[in-house]
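A.B. asks: what's the 3D shape of this:
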Amino acid sequence: MLSSRATLACRSNVIFISKHASTTPDVKSKLIQPPNPNKITSDMVGPPDPVSNLRRIIFRKPAKETSLERKYRKLRSEVQEWNQVFWTQHNSRFFKEREAYLKSNLPEGKSNLTADEMSIFYKAFLDKNWRTHLDYNKEWYKKNVALLLLALEVKFRKLFRIKEK
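C.D. replies: You can find the predicted model right below:
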């Protein structure tokens, strides 16, 4: 059950939660429209995706959003989508390959393999996908450094009340 300071919003059977507003638990069944980024008071976070295990975020759009803030919000959304695509593909591959491994290595009459028996598959999967993970991590760091620098610029401009050019 949600605390009294939570807000729900539904998007394609996905519930988004905001920690800054109040609601009652029965609101969940009444909300069917995705939240409007122009009207929400804070970023809204959804439940974990069943395949990627990532939580989707709807980023709040401030009323007087500057072009720099808009650039930052859009970049955050793009990075979130890039991450979502990568982990959906990766985890789909993992589940498919794990299922195939289980079918070919599961002795008759057994329903599961032991952790030691499965470790062979996990190591092989990680070894096979080592380059993909390395490339993902490099790109992830680049994207997050870019986000960090943009976030710092937005904060400094707000802090020192610097107007846009």
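
A.B. asks: Domain ranges for this protein, per the record?
C.D. replies: 8-61, 64-165 (automatic domain parsing).

A.B. asks: Who are the contact partners of the nearest residue to residue 83 once chain neighbours are set aside?
C.D. replies: Nearest residue to residue 83 in three dimensions, chain neighbours excluded: residue 54, at 6.2 Å (CB to CB, 6 or more residues apart in numbering). From N, CA and C alone the C-beta is placed, and that goes for glycine too. Counting by CB atoms under 8 Å, 6 or more residues apart in numbering, residue 54 touches 48, 80, 83-84, 87.

A.B. asks: Same check on residue 52?
C.D. replies: With CB under 8 Å, 6+ apart, residue 52 has these contacts: 83-84, 87-88, 91.

A.B. asks: Buried residues in the longest helix along the chain, which are they?
C.D. replies: Scanning the chain for the helix with the most residues, using DSSP state H, yields helix 67-105. In terms of neighbour count (16 or more other CB atoms under 10 Å), helix 67-105 has its buried residues at 68-69, 72-73, 76, 79-80, 83-84, 86-88, 90-91, 94, 101-102.

A.B. asks: Flag the shaky bits of the protein, pLDDT-wise.
C.D. replies: Applying pLDDT under 70 to the chain picks out residues 1-33, 164-165.

A.B. asks: quick one: the helices in it?
C.D. replies: 27-30, 67-105, 115-128, 130-159.
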